[in-house]
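Trainee: what follows is a predicted structure for the sequence shown.
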Amino acid sequence: MNWLMVICGALIGAPLRYLTDRAVQAHDALFPWGTFAANLTACTSLGFLTGAPGATAVPDALQHFLGPGLVATLSTYSTFSLETVRLAETGAKLFAAANIIVSVPAGLAAALLGAELSTVAFR
């Protein structure tokens, strides 16, 4: 049954990722702001979900729906990688490097922030 909850979460997370990208990304922007925003949102959300003091009390089905379903499909490492490669291939090497240098630590910081927010929210 958990696999079904992952699928149900993905049915929401994948379109939400696409819509986030379209809403944030300016058409003439070289830096992939849409993917950056979607990934940071997902990192913060997953940090919040896993850092919540009561996370172990959440039913497995709901954990699968939210974590590997909705939130995991909201983020996208493959798009981040592809956009970075394309930036480098098109001569925007500075933007490619910035995407790596900014995205990786920002994602880790967002996950830590989410975990910290959950501990504050559930006190």
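Mentor: Alright, I've got the coordinates.

Trainee: with just CA atoms, put stretch 100-116 into CSV.
Mentor: What follows is stretch 100-116, C-alpha atoms only, in CSV (Å, rounded to 0.1, in the frame of the first residue of the first chain):
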residue,chain,number,x,y,z
ILE,A,100,26.6,24.2,-8.3
ILE,A,101,28.3,26.5,-5.8
VAL,A,102,25.0,28.0,-4.7
SER,A,103,22.5,25.2,-5.0
VAL,A,104,24.3,22.4,-3.1
PRO,A,105,25.0,24.4,0.1
ALA,A,106,21.6,26.2,-0.2
GLY,A,107,19.8,22.8,-0.3
LEU,A,108,21.6,21.5,2.7
ALA,A,109,21.0,24.8,4.6
ALA,A,110,17.3,24.6,3.6
ALA,A,111,17.0,21.1,4.9
LEU,A,112,18.6,22.1,8.2
LEU,A,113,16.3,25.1,8.4
GLY,A,114,13.3,23.0,7.8
ALA,A,115,14.3,20.6,10.5
GLU,A,116,14.9,23.5,12.9
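
Trainee: buried residues, it. List them.
Mentor: Residues of stretch 100-116 classed as buried by neighbour count (16 or more other C-beta atoms under 10 Å): Ser103, Gly107, Ala110, Ala111, Leu113, Gly114, Ala115. C-beta here means a position set from N, CA and C on the backbone, and glycine is covered the same way.

Trainee: worst-scoring helix or strand of this protein, pLDDT-wise?
Mentor: helix 60-64 (a mean of 89; mean pLDDT, DSSP states H and E).

Trainee: any buried residues in that helix, and which?
Mentor: By 16+ other C-beta under 10 Å, the buried positions in helix 60-64 come out as Gln63, His64.

Trainee: hmm, who's touching the host helix or strand of Asn39?
Mentor: Per DSSP states H and E, Asn39 falls inside helix 33-51. Residues outside helix 33-51 that contact it (C-beta atoms under 8 Å, 6 or more residues apart in numbering): 17, 20-26, 55, 63, 66-67, 71-72, 74-77, 79-80, 83, 99, 102-103, 106-108, 110-119, 121.
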